[in-house]
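Novice: following is a predicted model, sequence given first.
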Amino acid sequence: MALPPLVEPAAELTKDEVARYSRHLIIPDVGMAGQKRLKNAKVLVVGAGGLGSPALLYLAAAGVGTLGIAEFDEVDESNLHRQVIHGQSDIGRPKGESARDSIREINPFVEVRLHPVRLDSSNVLDIFRDYDLILDGTDNFATRYLVNDAAVLLGKPYVWGSIFRFEGQASVFWEDAPNGKGLNYRDLYPEPPPPGMVPSCAEGGVLGVLCASIGSIMVNEAIKLITGIGEPLLGRLMVYDALEMSYRTINIRKDPETKPITELIDYDAFCGVVSDDAQSAAAGHTITATELKEMMDAGKDFALIDVREQHEYEIVNIPGAVLIPKDRILSGEALSEIPQDKPVVLHCKSGARSADALAALHKAGFSDAVHVGGGVLAWANQVDKSLPTY
């Protein structure tokens, strides 16, 4: 069942706008009224990354009159295989500025508002307040819960998407939906997963084109909400498997145990971005990449263990490192492979996984083990700049 249109129509479309959106206008369900609603809409996209890139391009092309971009990061070369709103010449530029310039090339009739800040509890309500609709393309649980709670407090709908490797998900959340069937992200995920349980895209990877598949679904949902056509994904989770080329939907119901959201909280603490055990283990047991190089140059006898996965080891590795994936350490399976008669140094890509493995080793009796802060990325950036990063 369609919901009432989210946005009132603009007064008119200009001659140039009629020409630009003509293929929309001849769709009876959209027509002049629907296109005027798009022109009058104010949509905020959180993140100009994998999902935000296609979403922003297609929202602009569709004629959404005002687009906000909440993005504080800069363009990195590793972004370009999936973040199609940016190009080679944008490397090092703020993502928001790069996205704004691409939008202007797509549609000069769109007003772009930049919010080049990291969203947190102190600014999110002020930023969200002026928009009709939020699109959440973020890749971490702390920001997802922040976006959800802010949208609930302001009574605004938002479209959510998530991607990992070959699978994507999308849904619509709106606590105050006019059909009385409102729900929010906490009805789907009442609690975040334990720290380290769900790898990020930076750790696990993502098929670049998957971003386009899920991003376009998110824009489709936004258009339906703005214009009041079709049946939005409110109350349904859409799951897409790119390898099987299958779509399935799962019904979501209001969780009676979900507590009302009355205020914003500390979302990093709520999500436990790094586990308490990992933080405790790393305190006083962290060395730098430079210190690791000094140990090597001094000829010290120690075991250097890489806790990443085999496919990551094949991309880049530190000379002399032995590969023992983190999960084998956490399960205890690999403890017998770790020497007890010499110092142990762990590393991963950036330091998070090695801190988890370090906590497990400390509990197993390897009390002097340390890990490399910044991991192999720090090694490539500080010690051997000829190595690739990922």
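Specialist: In hand now; what should we look at?
Novice: burial check on Tyr267, number of neighbours?
Specialist: Using other C-beta atoms under 10 Å, Tyr267 has 23 neighbouring residues. Where you see a C-beta, it was placed from the backbone N, CA and C, and this is true even at glycine.
Novice: which residues touch it?
Specialist: Applying C-beta atoms under 8 Å, 6 or more residues apart in numbering, one finds that Tyr267 lies in contact with Asp120, Ser121, Ala142, Thr143, Tyr145, Leu146.
Novice: now the last one, nearest residue through space, not along the chain?
Specialist: Spelled out, that is Leu146. Distances taken as C-beta to C-beta, 6 or more residues apart in numbering put Tyr267 closest to Leu146, at 4.8 Å, once the chain neighbours are dropped.
Novice: got a pLDDT number for the one you found?
Specialist: You'll see Tyr267 listed with a pLDDT of 89.
Novice: can you give me the end-to-end span of stretch 364-379?
Specialist: End-to-end distance for stretch 364-379: 27 Å, by C-alpha to C-alpha, to the nearest Å.
Novice: against Leu377, how distant is Lys385?
Specialist: 12 Å (C-beta to C-beta, to the nearest Å).
Novice: so those two - more neighbours on which side?
Specialist: Neighbours of Lys385 and Leu377, each counted by other C-beta under 10 Å, are more numerous for Leu377; the result is 20 against 9.
Novice: sec struct for that one, please.
Specialist: helix (DSSP: H, G, I helix; E, B strand; the rest coil).
Novice: thought it was touching Lys349?
Specialist: Yes. Counting by C-beta atoms under 8 Å, Lys349 is a contact partner of Leu377 at 6.1 Å.
Novice: need the longest helix for this protein.
Specialist: Longest helix of the chain, by residue count under DSSP state H: helix 208-227.
Novice: by contact count, what packs against it?
Specialist: If you count contacts as 3 or more C-beta pairs under 8 Å, 6 or more residues apart in numbering; DSSP states H and E, helix 208-227 packs onto helix 31-40, helix 52-62, strand 133-136, strand 158-164, strand 167-173, strand 236-241.
Novice: buried set for it?
Specialist: Neighbour-count burial for helix 208-227 flags 210-227 (criterion: 16 or more other C-beta atoms under 10 Å).
Novice: how about low-confidence regions in the stretch 251-390 of the chain?
Specialist: Flagging of the stretch 251-390 of the chain using pLDDT under 70 yields the residue ranges 272-274.
Novice: just the helices from it, written as ranges.
Specialist: 267-271, 276-282, 289-297, 310-315, 326-330, 352-363, 375-382 (DSSP state H, counting those that start in this stretch).
Novice: who touches the third one?
Specialist: For helix 289-297, the external contacting residues (C-beta under 8 Å, 6+ apart) are 287, 302, 304, 318, 320, 345, 347, 372-374, 378-379, 381-383.
Novice: ok, the last one next?
Specialist: For helix 375-382, the surrounding residues in contact (C-beta under 8 Å, 6+ apart) are 288-290, 292-293, 306, 308, 316-318, 347-351, 354, 372, 374, 387-389.
Novice: now do the fourth one
Specialist: The set of residues that contact helix 310-315 without belonging to it, under C-beta under 8 Å, 6+ apart, is Asp306, Ala321, Leu323, Pro325, Lys349, Pro388, Tyr390.
Novice: quick one: which of the residues you listed has the most company?
Specialist: Of the contacts of helix 310-315, with other C-beta under 10 Å as the count, Asp306 tops at 26 neighbours.
Novice: can you tell me which residues contact that one?
Specialist: Shown in contact with Asp306 (C-beta under 8 Å, 6+ apart): Tyr313, Asn317, Ile318, Ala321, Val322, Leu323, Ile324, Leu346, His347, Cys348, Val376.
Novice: residues near the closest residue to Val124 other than its chain neighbours, how many?
Specialist: Take Val124 and drop its neighbours on the chain: the residue closest to it by C-beta to C-beta, 6+ apart is Ala150, 4.4 Å away. By other C-beta under 10 Å, the residues close to Ala150 number 24.
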